[in-house]
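Trainee: Predicted model and sequence follow; I will ask about them next.
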Amino acid sequence: MPIIEVDHVTKEFKLGQLQSLKTTALNQLRRLTGEPIEKRAPFKALDDVTFSIEPGEVVGIIGHNGAGKSTILKLLANISKPSSGSIQVKGKVAPLIEVGAGLVPELTGRENIYLNGSILGMKRAEINNKLDDIVAFAELEEFIDTPIKRYSSGMQVRLGFGIATSVDSDILIVDEVLAVGDLAFQRKSFGRMTELIKDRNRTVLIVSHNIRQIERICTRAILLDHGKLARDGVVGDVCDAFFRGSNDKIAEDAAKISRARVRASGEAEFLSIAVIKDSGQPVTEVASGDPLRIRVKFRLDVPLEKPELILGTHTTDFFYLTGSSTAVFDSRPDFEAGVHEVEVVFQHYPLTAGIYCLRFAIFDKDRRAIFVGDNLGTFKVKPGHDEVREEGLRMLDIPATWALQGHTFQSRHDN
């Protein structure tokens with residue numbers, strides 16, 4: 001029997017600012033004359049969403065900003081009510097939403113533990129038993145009797161997380177709390193979450209923009225898109241669908257808007273860059289593991305003696321992936337003023353499916369920058385020859401050989 005049932009739930013909010021004096025006066029006049037008044041259109045944060053969750057399931061809720069993820073968690077935690085539809089939650093709920101938001105600045109850390117523990121349904125004797133564990137987890141032994149207004153933001157977050165995860169509950173509702181604090185505490189928080197899920201067999205709903213984290217923790221995922229339930233199923237399948245949708249949107253946005261980052265001395269002009277076939281025809285995608293051939297065209301306004309040219313790729317958030325430089329060639333040629341076209345071939349491009357960007361740079365022989373450009377173009381990498389699951393769990397698609405029970409298997413076959 002489901003522990004959570006969401007049945008045709010819709011949640012609406014009103015959009016827009018407060019009405020101006022002119023609009024208020026006009027609406028008053030319309031009321032007097034019997035005319036309809038100007039109304040602000042409602043916004044559907046959730047639109048007819050239906051799903052159920054069985055006891056012990058660990059479910060990730062994913063989607064872009066504004067998809068309705070946090071809204072559904074707040075409805076399940078009874079923080080707000082749906083505009084229509086019904087929600088049934090059977091069991092005690094521990095919400096980890098906006099960790100630390102309920103802390104009172106004037107009270108000490110110890111006093112906040114008792115106050116927030118009581119709000120979350122813990123009895124005083126239970127808080128007494130767990131006090132030392134909460135303090136130790138939050139690493140606040142020296143500061144526990146200090147008013148938390150003197151705590152750093154990280155200290156407050158650690159305290160809030162320690163309190164929230166100490167509550168014994170049937171259902172744990174988590175909203176982006178695994179990204180709090182410094183890196184060491186994030187790892188500690190992840191370990192605490194894993195303990196709560198596996199050792200105590202809780203039903204867990206977790207929202208996170210870290211899709212790899214969702215794939216590691218959850219067994220099932222729900223994808224929301226503009227308030228609607230777009231997909232519900234095995235975590236790997238749903239996360240792969242989210243990655244594909246994200247890549248398509250990145251490619252679409254890149255085609256509409258140029259976000260090139262360029263610095264230049266004025267001695268050269270960038271003309272074009274493209275991924276091409278062996279025949280020289282431009283293409284928009286390559287298969288993971290196949291060769292990547294890039295052609296760039298530029299004009300020099302001055303001759304350059306043995307310039308260094310760099311061609312490479314990076315992610316959409318400017319993490320450099322590959323790059324090849326002519327500086328390794330002692331006998332590289334001089335370039336006269338005029339239009340030039342060069343190519344580079346990466347014989348094996350091992351990046352997994354996704355959208356990637358092109359970069360190009362020119363330096364003179366003394367390493368003075370003539371032209372440096374990032375995000376000059378984009379291309380798509382599609383899955384390689386293998387049917388590979390869980391694309392989001394890796395960046396490199398490197399062939400491997402397995403030895404299994406006396407047999408040898410290749411992870412990629414030649415086509």
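Mentor: That came through fine.
Trainee: Any regions of this protein where pLDDT drops low?
Mentor: Across the chain, the ranges flagged by pLDDT under 70 are 15-25, 34, 36-41, 98-101, 177-182, 199-200, 247-248, 250-260, 384-394, 409-415.
Trainee: need the contact list for residue 131.
Mentor: 110, 113 (CB atoms under 8 Å, 6 or more residues apart in numbering). Using the backbone N, CA and C atoms, a C-beta is placed for each residue, glycine as well.
Trainee: one more time with 10 Å
Mentor: Residues in contact with residue 131, defined by CB atoms under 10 Å, 6 or more residues apart in numbering, are 110, 113, 114, 117, 144, 166.
Trainee: How about residue 167?
Mentor: Taking CB under 10 Å, 6+ apart as the definition, contacts of residue 167 comprise 92-96, 116-117, 120-122, 126, 130, 196.
Trainee: now, which of the contacts of residue 131 sits nearest residue 320?
Mentor: residue 166 (42.8 Å; CB to CB).
Trainee: any idea which helix or strand carries the closest residue in space to that closest one that isn't next to it in sequence?
Mentor: Counting by CB to CB, 6 or more residues apart in numbering, residue 130 is the residue found nearest to residue 166 once chain neighbours are left out, at 4.8 Å. Per DSSP states H and E, residue 130 falls inside helix 124-138.
Trainee: And residue 7, by the same measure?
Mentor: strand 4-14.
Trainee: and that strand, which strands flank it?
Mentor: Here strand 4-14 is paired, per DSSP bridges, with strand 42-53 (antiparallel), strand 84-89 (antiparallel).
Trainee: State the next helix or strand along the chain beyond the longest one.
Mentor: Secondary structure here is assigned by DSSP H and E; on that basis, the next helix or strand after strand 42-53 toward the C-terminus is strand 58-62.
Trainee: before we move on, what about the shortest one?
Mentor: The first helix or strand that comes after strand 84-89 along the chain, using DSSP H and E, is strand 93-97.
Trainee: Let me see the residues that make contact with that following strand.
Mentor: 4, 70, 73-74, 76-79, 120-122, 160-161, 163-178, 180, 189, 193, 196, 202-207.
Trainee: Mind doing that once more with 6 Å?
Mentor: For strand 93-97, the external contacting residues (CB atoms under 6 Å, 6 or more residues apart in numbering) are 77, 164, 167, 169, 171, 172, 173, 174, 175, 177.
Trainee: how close does residue 29 get to residue 14?
Mentor: Distance, residue 29 to residue 14, by CB to CB, to the nearest Å: 22 Å.
Trainee: again with residue 80
Mentor: Per CB to CB, residue 80 is found 14 Å from residue 14.
Trainee: So for these two, which sits in the more crowded spot?
Mentor: A direct count of neighbours by other CB atoms under 10 Å for residue 80 and residue 14 places residue 80 higher, at 12 against 9.
Trainee: returning to that earlier point: pull out the buried positions in the helix holding residue 130.
Mentor: Residues of helix 124-138 classed as buried by neighbour count (16 or more other CB atoms under 10 Å): 127, 130, 131, 134, 135, 137, 138.
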